[in-house]
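Engineer: Give me a 3D structure for the following:
(4 chains)
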Protein chains: 2
Amino acid sequence: MKSKINFAETENCPVRNILDRFGDKWSTLVILILGEEKTLRFNEIQKKIGSVSQKMLAVTLKKLEADGLVSRKVYPQVPPKVEYTLTNLGLSLLPKLQNLVKWANENMEEITGNRVARQIK
Amino acid sequence: MKSKINFAETENCPVRNILDRFGDKWSTLVILILGEEKTLRFNEIQKKIGSVSQKMLAVTLKKLEADGLVSRKVYPQVPPKVEYTLTNLGLSLLPKLQNLVKWANENMEEITGNRVARQIK
DNA sequence: CAGCATCCCGCCGGATACTG
DNA sequence: CAGTATCCGGCGGGATGCTG
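Structural biologist: Here you go, the predicted structure:
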């Protein structure tokens, strides 16, 4: 029998913590993209996502860097060049996210179908 | 070599779709709780989460029901009684989310430590 | 090129009150 | 008990402009 999780206490609940961090719009996307490409520059990530604003990408990357999921390497040159890579911690999260993507790929059609069938926006 | 994902097109990108649906504050939490308890009434879910408002729980459950992840059974009696259970589709998602929880449990301390060490809010 | 600063709008979601 | 209805404040996040 598994021990149950205390969802009620925000501070001690890992589920809440993880959702607070990766529930935002771009974090998981960035991790998945860096997982595919190993190393990317700021603009390259932005182009890959396509619809993210410069501001939000900067905020997201800073958060991920602070969490220790992404490492940032600055080349002291003009024009500047900054490369982003997943850390080992980030790499350990990657497969879990990829599992979610896999599930999404396999089941999104059914979910979309359900929505349409029930005529919900 | 894995085929790459097109993150740019929102409509066809399963990652974006899944994040749009489960990136919200409560959906994953509800799925995880129902995964533990099998069947729960509205008030029981609310008590388990603790901090969710009545409104948001109702909205969340309705969304999950529309997606076909949660089933809703109404007992025609007074006072009313409604039970929520994961569907097979919901059950298929459950282990992926539990993997994330497991990862969070194992690594949240390190992440929190990173944050503190870098003195970010 | 890689960002920070500022302004500002939309909507997420909380509080409260009401119904079957 | 299990919801809807309404109001409304906060902030996520887009647009734009400026810097090293």
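Engineer: What average pLDDT does the biggest helix by length in chain A get?
Structural biologist: Secondary structure of chain A per DSSP state H: the longest helix is helix A:88-117. Average pLDDT, helix A:88-117: 90.
Engineer: Now it: buried residues?
Structural biologist: The neighbour-count check on helix A:88-117 (16 or more other C-beta atoms under 10 Å in any protein chain shown) flags A:89-90, A:93-94, A:96-98, A:100-101, A:103-104, A:107-108, A:111, A:114-115 as buried. Yep, even glycine has a C-beta here, placed from its N, CA and C like the rest.
Engineer: now stretch A:26-38
Structural biologist: Within stretch A:26-38, the residues that qualify as buried by neighbour count (16+ other C-beta under 10 Å) are A:26-35.
Engineer: just stretch A:44-52 next, same as before
Structural biologist: Applying 16+ other C-beta under 10 Å to stretch A:44-52 flags A:45-46, A:48-49, A:52 as buried.
Engineer: Show me which residues of chain A are close to DNA strand C?
Structural biologist: Where chain A comes near DNA strand C, counting by C-beta under 7 Å from any atom of the strand, the residues are A:41-44, A:54-55, A:58, A:61-62, A:72, A:79-82.
Engineer: now the angle between helix B:88-117 and the lowest-mean-pLDDT helix or strand in chain A, please.
Structural biologist: When the helices and strands of chain A are scored by mean pLDDT, DSSP states H and E, helix A:14-22 comes last with a mean of 76. Using axes from the mean of the first three to the mean of the last three C-alpha atoms, to 10 degrees, one finds that helix A:14-22 and helix B:88-117 are set 70 degrees apart in direction.
Engineer: Check whether helix A:14-22 comes near DNA strand D.
Structural biologist: No: using C-beta under 7 Å from any atom of the strand, helix A:14-22 never reaches DNA strand D; the gap is at least 9.3 Å.
Engineer: And stretch A:38-50, by the same measure?
Structural biologist: No: Stretch A:38-50 is not in contact with DNA strand D by C-beta under 7 Å from any atom of the strand; minimum separation 9.8 Å.
Engineer: hmm, that stretch touching chain B?
Structural biologist: Yes: counting by C-beta under 8 Å from any C-beta of the partner chain, chain B has neighbours in stretch A:38-50: A:48-50.
Engineer: Redo the buried residues of stretch A:26-38 as a markdown table? Include secondary structure.
Structural biologist: Shown next, in a markdown table, are these (DSSP: H, G, I helix; E, B strand; the rest coil):
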| residue | secondary structure |
| --- | --- |
| A:26 | coil |
| A:27 | helix |
| A:28 | helix |
| A:29 | helix |
| A:30 | helix |
| A:31 | helix |
| A:32 | helix |
| A:33 | helix |
| A:34 | helix |
| A:35 | helix |
